[in-house]
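Enquirer: following is a predicted model, sequence given first.
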Amino acid sequence: VLAVAGVKYVMVLIGINDILTGNATSAGLIAAHERVAGVLNGAGLVTIGGLMLPCARHRKWTAEKEAVRKEVNDWVKKSGVYHHVVDFEKAVWKEGSEPMIIKEEWSEDGLHPNDEGYKAMAKAVDVVKFFK
């Protein structure tokens, strides 16, 4: 990203695959966010942190992995390391579900959005505020 001419804004959405397919910890993912945001902010880019999507319908989901996802999302919201935060979690969440799941019609595997899910995510991005 840093080598691409004209880049002003960078969206960072990391962690969910690390959580589901490995043994990622909240401390490790938070450290990764801090490193990435530090480099991007240091380069003068506007950084946007994206909240990880709910994934309780995914076959590799566990309550422990959900706790890591929630802890990292809470940190992204409150840490201030990003200029802006986009709540992708809320954008695709099947309201009232606990644990949180993506609306069934927006994801076949319970994690990766389909076209309709991506449209919902796009609507969550308030591009107007990035150009103020």
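Expert: Cool, the structure landed.

Enquirer: enumerate every residue touching residue 105.
Expert: Counting by C-beta atoms under 8 Å, 6 or more residues apart in numbering, residue 105 touches residue 116. In short, each C-beta sits where N, CA and C put it, glycine included.

Enquirer: now it, what's its secondary structure?
Expert: Of the three states, residue 105 takes helix according to DSSP: H, G, I helix; E, B strand; the rest coil.

Enquirer: any idea how far residue 112 is from it?
Expert: Per C-beta to C-beta, to the nearest Å, residue 105 is found 14 Å from residue 112.

Enquirer: and what of residue 65?
Expert: Distance from residue 65 to residue 112, by C-beta to C-beta: 16 Å.

Enquirer: which of the two has more neighbours?
Expert: For the pair residue 65 and residue 112, the greater number of neighbours falls to residue 65 (20 against 16), based on other C-beta atoms under 10 Å.

Enquirer: didn't residue 114 look like it was pressed against residue 102?
Expert: No - in this structure, residue 114 is not within contact of residue 102 by C-beta atoms under 8 Å, at 9.5 Å.

Enquirer: these two: which has the busier surroundings?
Expert: residue 102 (28 against 13).

Enquirer: torsion angles phi and psi at the more buried one?
Expert: Here is the backbone geometry of residue 102 (degrees, to the nearest 10): phi -80, psi 140.
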